[in-house]
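> Predicted coordinates and the sequence they were generated for:
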Amino acid sequence: MALYLKAAEVLDKVEQKKGAVKTLVYDSKFENIKQLFALVCETQKYSSVIQEIIESTRLLKETKLRLSLAKVLVYDLLFGRGVKCGGSWKAMMVKHRSRLQAALARIKVKQKVSRNEDLLPAGVQDKNAHSIPRYVRVNTLKTTVEDVIDYLKRDGFSYQGTARRIEDLCQLSGKMFMGDVHLRDLLVFSAKMDFHDHYLYKAGHLILQDKASCLPAYLLDPPVGGHVIDACAAPGNKTSHLAAIMKNKGKLFAFDLDAKRLSTMSTLLLRAGVTCHQLANQDFLKVDPLAPQYKDVKHILLDPSCSGSGMVCLSDGGSAEQDGERLQALAAFQLRCLNHALQFPQLQRVVYSTCSIHSQENEEVVSACLEKNPGFRLVPLFPEWPERGHGPLTQCLRASTTETLTHGFFVAMLERQTTPGDGESLNTAPSAMDLDTSAPPGGEEQQAQRPSSEISEEQPQHLTTKKKKRNRKKHKKQES
């Protein structure tokens, strides 16, 4: 009963444009976050169909339920796995089940479809056309990829080897699984595989994390024993990933404003075996970069609140005016966070990421930050990755259901610039997880790095790699 009440409350706020589903779900302080998130997302997907069913059966008049509560109950009854609560609500829904099922059948006949999925709006169907596999990150703080594969094979799973193309992941079904084409510590299963009750998940050996969400920590690649900040840390999957890359050595400072979310995150990190972290119930924007405890921080992961528009289950409903105002406020907040991150005196690299598809939250934020901070430059990331940032910021990465079989995502890395006399810039190839050398189709097509002259604020600061090599040759000739 509590699940449906909370889902109805979140659904109301989403439809009133009071926040993204993900943010509202985590702020709800509900015990089972994943269950609540799934119910709200799925109800929202079928919202227009459910609305028609409710109106045609006059359910609200018959039951006195408010609309949002009726929607989540009808979703579970007709499209989900049945109403999970007992008592009067379940009895009420069972009483009206035949009428509701008949209304759904009439809609299918009218639209000449046989599957529930075919009733979804065209935009939602497009998002679902490429089913996202189940990605599972192996927690190397507790086990190894090889040991997990052996365990799963003994548990009846069928290992298909390492994928060589992204398209290979579309062939998975049943208990088949593969190693990911890009990230060594990632295993891939069919979309319907559920690990929430599996021993390896409960023991913290597996982390359920979308592939795109693994990119920020992987690309930041902090050194073992380094000092790192996870600026907007909850729910904690990226924090545990950073700790695994750091081998639980050094210091990992993690901040979040919500005490409840921080408590949940603490439990997750404990299960994952993370010990190098220091959690703080604090606004990152109020953290003093000159405080002595952060004097050795050289790497920051910044994944601030965003619209969540890249999440497959979400729709961009609402008026253009409402969306525009909200995106403007989010982008302003994200830019403040990114500018603040660059104030740490020893900072070398910061990875900025969002689960948004909007340029206003992504490339535009990065461009504005570079303009204000000419001492930093964009690092060309992961040339094998098939989807790039919108031009001219092609050094950044994007992810999508169609190109990468993931949720929509954006990643950029900013690096403090070195002067010509300081030698080479930092190595941009991450080493925490071995990279598969077989690039997916299109991975080598037109991946040339953007000339520094394409962004005006970088012109005074840049030397390309070729120029540096020519300068070094000149110096050697002069010395000889």
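On my side now, so go ahead.
> show me where the stretch 301-450 of the chain has strands.
Ranges of strands in the stretch 301-450 of the chain, per DSSP state E, counting those that start in this stretch, are 349-354, 376-378, 397-399, 409-416.
> and those strands as a markdown table, adding distance to Val287?
The way it works is simple: take the backbone N, C-alpha and C, and place the C-beta from them, glycine included. Formatted as a markdown table, the strands of the stretch 301-450 of the chain follow (distance: least, CB to CB, whole Å):
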| stretch | distance to Val287 |
| --- | --- |
| strand 349-354 | 14 |
| strand 376-378 | 19 |
| strand 397-399 | 27 |
| strand 409-416 | 18 |
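> got the ones you listed as JSON lines, with mean neighbour count columns?
Below are those laid out as JSON lines (neighbours: other CB atoms under 10 Å):
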{"stretch": "strand 349-354", "mean neighbour count": "25"}
{"stretch": "strand 376-378", "mean neighbour count": "23"}
{"stretch": "strand 397-399", "mean neighbour count": "24"}
{"stretch": "strand 409-416", "mean neighbour count": "24"}
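> What about the residue nearest to Ser213 when sequence neighbours are not counted, how many residues nearby?
Closest residue in space to Ser213, ignoring its immediate chain neighbours: Asn237 at 6.4 Å, by CB to CB, 6 or more residues apart in numbering. When neighbours are counted by other CB atoms under 10 Å, Asn237 registers 21.
> Read off the pLDDT value for Asn237.
With respect to pLDDT, Asn237 has a value of 93.
> Please tell me how far it sits from Ala329.
The gap separating Asn237 from Ala329 is 26 Å, by CB to CB, to the nearest Å.
> Show me the residue at the heart of the chain, geometrically.
Of all residues in the chain, the one closest to the mean position by CA atoms, centre = their mean is Ser213, 3.8 Å from it.
> And for Cys273, the neighbour number?
To be clear, residue 273 is Gly; Cys isn't right here. Gly273: 18 neighbours (other CB under 10 Å).
> wait, it sits on Leu141?
Yes: between Gly273 and Leu141 there is a contact under CB atoms under 8 Å: 4.4 Å.
> list residues touching both of those two?
Counting by CB atoms under 8 Å, 6 or more residues apart in numbering, the contacts common to Gly273 and Leu141 are Asn248.
> which residues touch Ser28?
Lys6, Glu9, Val10, Leu36.
> are any of the residues you listed buried, and which?
Among the contacts of Ser28, those classed as buried by 16 or more other CB atoms under 10 Å are Lys6, Glu9, Val10, Leu36.
> Need the three-state assignment for the second one.
For Glu9, the reduced secondary structure class is helix; criterion used: DSSP: H, G, I helix; E, B strand; the rest coil.
> on that earlier part again, pull up the gap between the residue nearest to the centre of the chain and Pro304, please.
From Ser213 over to Pro304 (counting by CB to CB), the distance is 14 Å.
> With Lys112 instead?
In this view, Lys112 and Pro304 are 45 Å apart by CB to CB.
> So for the two, which sits in the more crowded spot?
Legend: neighbour count by other CB under 10 Å for Lys112 and Pro304, higher for Pro304 (21 against 7).
> tell me which element the residue nearest to the centre of the chain is part of?
helix 211-220 (DSSP states H and E).
> Can you list the strands that the helix or strand following that helix pairs with?
Where DSSP H and E defines the elements, the next helix or strand beyond helix 211-220 is strand 227-230. Next to strand 227-230 in the sheet, as set by DSSP bridges, lie strand 251-255 (parallel), strand 297-302 (parallel).
> just so I know, which of those strands lies nearest Arg377?
Arg377 lies closest to strand 297-302 among those, at 15.7 Å (CB to CB).
> Could I get the average pLDDT for the closest one?
On average, strand 297-302 scores 98.
> Kindly calculate the angle that it makes with helix 211-220.
Relative orientation of strand 297-302 versus helix 211-220 (axes from the mean of the first three to the mean of the last three CA atoms, to 10 degrees): 160 degrees.
> the inter-axis angle of strand 297-302 versus strand 409-416?
Using the same axes, to 10 degrees: strand 297-302 against strand 409-416 is 160 degrees.
> Name the surrounding residues that touch strand 297-302.
By CB under 8 Å, 6+ apart, the list of residues contacting strand 297-302 from outside reads 216-217, 220, 222, 226-232, 238, 242, 253, 284, 337-338, 341, 344, 346-353.
> List the residues that contact Phe30.
Taking CB under 8 Å, 6+ apart, we find Phe30 in contact with Ala2, Leu3, Lys6, Leu36.
> where's it relative to Leu119, distance?
Separation of Phe30 from Leu119 (CB to CB): 28 Å.
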